[in-house]
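> sequence and computational prediction follow.
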Amino acid sequence: MDTSFHWLPLAASDTASRVDTLFFTLVAVTGTVTLAIFVVIVWFTVRYHKNSRADRYSPPTRNMAIEAAWIGIPLTLFIAACVWAAYDYGELYRAPADALPVYVVGKQWMWKLQHANGRREIDELHVPLGRPVRLIMTSQDVIHSFYIPAMRIKQDVVPGRYTSIWFTPTVAGEYRLQCAEYCGTDHAGMHGRLVVMQPGEFSRWLEGGAQVPGLAQHGFDLFRQYGCSGCHEPGSSVHAPDLKGLLGRTVHLSDGRSLIADESYVRDSILLPKKDVVAGFEPIMPSFAGQIAEEDIAAIIQYLRSTARE
């Protein structure tokens, strides 16, 4: 057991290195400012104590250089920190195209995860070393927060919508994952582990589970089971949008808006079909709310994602 002292958890991802650099830079800047203020306080205390011979007549009442400095320098530092942090924050949501998708469902009080080949996990996440991993997450009940300290990622998992975050693990090993949002009685027990494996070892692990259909194949089966193909196939008699290659595509809506089709759009289209009606189509699709599980929606999304490669 490692008993050595660490300022922070092991930095085991490229995200961690960026976050730590920003953090220590802010500590250094604010620490320097604090020290400078302390030095000035001490100097004034000594220079102008009660019995000192300091000249107290005709004190300066205005110094534009000092006023400009104490406004301009902090403002510049704050803007620089804001731009830096905003850029790094935005990077957490710009996943590479080749990122490995993992679907995550939070529920009281466990994490349910599923890989693209259909392999499922509970309270564990196995990923390959050096490969970008994108987590696509939703909650079955209340707000949770998926947190892996060693990766420096923490993302709220919200019922009724999808959120996502990505990271690239850089150090093999096992790391703690936990819920960082109080979610009920057994919140403290909602934790697990992240296992970062060598690519070859991960491939063997991924194929070593129970032989089940891949997530995209399962999604295709559900697509037909729920009758989606009866309206959305190119040869169907019903006038409905073509869903091939939908994810990432710009969708023009009947109310004049446009959006980029993502996981949340697909989910809303299944459960709230009248929310975002595609331009040129009638709002005739029925709602599947209460009829389809979150895991099944994730499978359908993965199937739609796979159609972009056909």
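Ah, there it is.

> low-confidence ranges, the stretch 201-310 of the chain, go.
Under the criterion pLDDT under 70, the flagged ranges of the stretch 201-310 of the chain are 209-212, 309-310.

> which residues of it fall in strands?
For the stretch 201-310 of the chain, the strands defined by DSSP state E, counting those that start in this stretch occupy 250-252, 258-260.

> helices or strands up against the first one?
Pointing back at strand 250-252 there. strand 258-260 (3 or more CB pairs under 8 Å, 6 or more residues apart in numbering; DSSP states H and E). (Each C-beta comes from the backbone N, C-alpha and C, glycine too.)

> chain center to the strand it packs on, what's the gap?
Remark: strand 258-260 is offset 20 Å from the chain centroid, using CA atoms, centre = their mean, to the nearest Å.

> for stretch 60-76, same thing?
Centroid displacement of stretch 60-76 relative to its chain, using CA atoms, centre = their mean, is 40 Å.

> then stretch 215-226?
For stretch 215-226, the separation from the chain centroid amounts to 26 Å (computed by CA atoms, centre = their mean).

> buried set for that stretch?
By 16 or more other CB atoms under 10 Å, the buried positions in stretch 215-226 come out as Leu215, Ala216, Gln217, His218, Gly219, Phe220, Leu222, Phe223.

> next, give me the two most distant ones among the residues you listed.
Spatially, the most separated pair among the buried residues of stretch 215-226 is Leu215 and Phe223, at 12.3 Å (CB to CB).

> overlap in contacts of these two?
Tyr303 (CB atoms under 8 Å, 6 or more residues apart in numbering).

> who does the helix or strand where Val127 lies pair up with?
Per DSSP states H and E: Val127 is located in strand 124-128. Using DSSP bridges, the strands paired with strand 124-128 in its sheet are strand 191-197 (parallel).

> can you give me the helices for this structure?
For the chain, helices defined by DSSP state H occupy the ranges 14-47, 64-91, 199-207, 215-225, 229-232, 263-271, 294-306.
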